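# below is the sequence, then the predicted model.
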Amino acid sequence: MDARRAFVTQVLDQLIEALRDLSDEDFDRLMQGDLEASIAFVEPAPRHRNRRPAASPATDEALEAVHARLAAAGSREEGLRIVEEAFADKQRLFAFAKWLDVPVQRNDAAKRIRDKVVTQTVGRRLSGRAVRGDGGRMAAGEGAR
C-alpha cells in the first residue's frame, strides 16, 4: 500500500472511531438529520517523553471475571460497587466499557461510564425481570425447552 492509501485509511479509521464514540442518542439524532457531521483538521496533541506509561490493559480472563460478578449482582448498587472495586482508574474502566460494547466517549466522566456499564449489565437484567414479573425465577420443574 502506498503512502497516500495508508494516509486515507488512517483518516477513515479516525472517522470510524468518532462514529463508534457517539452516544446512542447522538447517533439517532445524526440519523434523523438533527445533527450534522463535520470534519476538523487540528494539530495532534504533543507527545510528552516523560509521560507516565499507560496502565496495562486487563486480560480477557480478568474482564470475564468482572462481567460474571456483574451478571450475579442483585442490585444496581452492588453492580456499582463491583465496578468501582475492579477499575480504580478511568482508562481501565473505559477499556472495560468498550470490551462490553457499551457506548461511551473519552470525555465521559468516570461516574457516567460506571453508570452506563451497570445499566447495560445489571440494570437491563433487573428491568427484564421486573417486566416479566417473575423476578427472573422459574417455577419448579420448568426448564428450557
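Okay, I see it. Numbers count the residues shown, from 1 in each chain.

# from here on, contacts and neighbour counts on C-alpha atoms
OK.

# how is the chain divided into domains?
For the chain, the structural domains run 1-42, 57-134, going by automatic domain parsing.

# now mean pLDDT and mean neighbour count too, for the ones you listed, in CSV please.
Listed next are those as CSV, based on pLDDT from 0 to 100; neighbours: other CA atoms under 10 Å:
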stretch, mean pLDDT, mean neighbour count
domain 1-42, 83, 11
domain 57-134, 85, 16
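
# longest helix anywhere in this structure?
Using DSSP state H to assign secondary structure, the helix with the most residues in the chain is helix 3-20.

# what element comes up after that one heading to the C-terminus?
Per DSSP states H and E, helix 3-20 leads on to helix 24-32 as the next helix or strand towards the C-terminus.

# residue contacts, Thr119?
Arg76 (CA atoms under 8 Å, 6 or more residues apart in numbering).

# so how far is Lys111 from it?
Thr119 sits 12 Å away from Lys111, going by CA to CA, to the nearest Å.

# with Asp101 instead?
Applying CA to CA, the value for Asp101 to Lys111 is 17 Å.

# what's the spacing between His67 and Arg4?
Distance check for His67 against Arg4: by CA to CA, it reads 42 Å.

# what do you get for Leu100?
Taken as CA to CA, the spacing of Leu100 relative to Arg4 amounts to 34 Å.

# next: Asp60.
In terms of CA to CA, Asp60 sits 36 Å off from Arg4.

# repeat that for Leu19.
According to CA to CA, Leu19 stands 23 Å off from Arg4.

# also Gly74?
Going from Gly74 to Arg4 by CA to CA gives 53 Å.
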